[in-house]
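[1] the following block contains a protein sequence and its predicted model.
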Amino acid sequence: MLFKAKQDQQIVALTEQAQIARTINLDVGSFTSYFNIETNKEHNTNSFSGTEAAYLKGHVVLEKEIELIQSRKVEVFIPDLVRIEFLQAELLKNKEVKRVEMMLAKTPIGTDQFSAAVYNLDTLVYLNNTRTSLILALSIVLGGMLGIFVLLIRNVLIKQD
C-alpha cells in the first residue's frame, strides 16, 4: 500500500515536470544542465529539491520514465513479499486463533454475568491464630534456662583457674 502511494506521488510529480517541459518546448533536455542542478543541490547552492528541476530532462524522457514507473510490479521491489504472503497464508490456515476466540466467548468475561471482586481493605478483619501468650511464656522459660546454663558454665570455668 505504501509502495503504491509513493509510486502515485512520483508519477504526479513527473507528470507536472513533463507539462513544464512541454510548455517550454523542451523535447529532450541536456543531461549536463540537469546534472549541474543536481550537483549544485548537493553543495547547497541551489534551492531545487527532488523533481523540481526534472523538466530539464525534457518531456520525452519524463513521459518514458512515467511509463516505466507505471509498468512496475510490487513484487519486484519487495524482496520478502513471497515469504510474507506465505506467512499470511499460514496465519489464515491456522485455526487456533478461532479456537481461542470461541473458548473466550464461552467464558463469562465480557458479559453481564461477570463481575470482578472488589475488596475494601479498611473493612477487612484479620484473624490471627498465633498464641502470643504461649510464645511469651516459652521465650521467658527458655531464656531463663539459657541464662542459668551460661552462668553455671562461667562459674565452672572461673573455679578451674
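    Received it, and whenever you're ready, just let me know what you need. Numbering: from 1, shown residues only.
[2] who are the packing partners of the helix or strand harbouring residue 17?
    Using DSSP states H and E, residue 17 sits in helix 2-23. Where contact means 3 or more CB pairs under 8 Å, 6 or more residues apart in numbering; DSSP states H and E, helix 2-23 is packed against helix 59-71, helix 74-77. From N, CA and C alone the C-beta is placed, and that goes for glycine too.
[3] mind listing what's buried in it?
    13, 14, 17, 18, 20, 21, 22 (16 or more other CB atoms under 10 Å).
[4] in a markdown table: the residues you listed, plus pLDDT and distance to residue 80.
    Shown next, in a markdown table, are these (pLDDT from 0 to 100; distance: CB to CB, whole Å):
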| residue | pLDDT | distance to residue 80 |
| --- | --- | --- |
| 13 | 88 | 28 |
| 14 | 88 | 28 |
| 17 | 86 | 32 |
| 18 | 86 | 34 |
| 20 | 84 | 38 |
| 21 | 83 | 37 |
| 22 | 84 | 40 |
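[5] which one of those residues is nearest residue 149?
    Proximity of those to residue 149 (CB to CB) peaks at residue 13, which lies at 98.2 Å.
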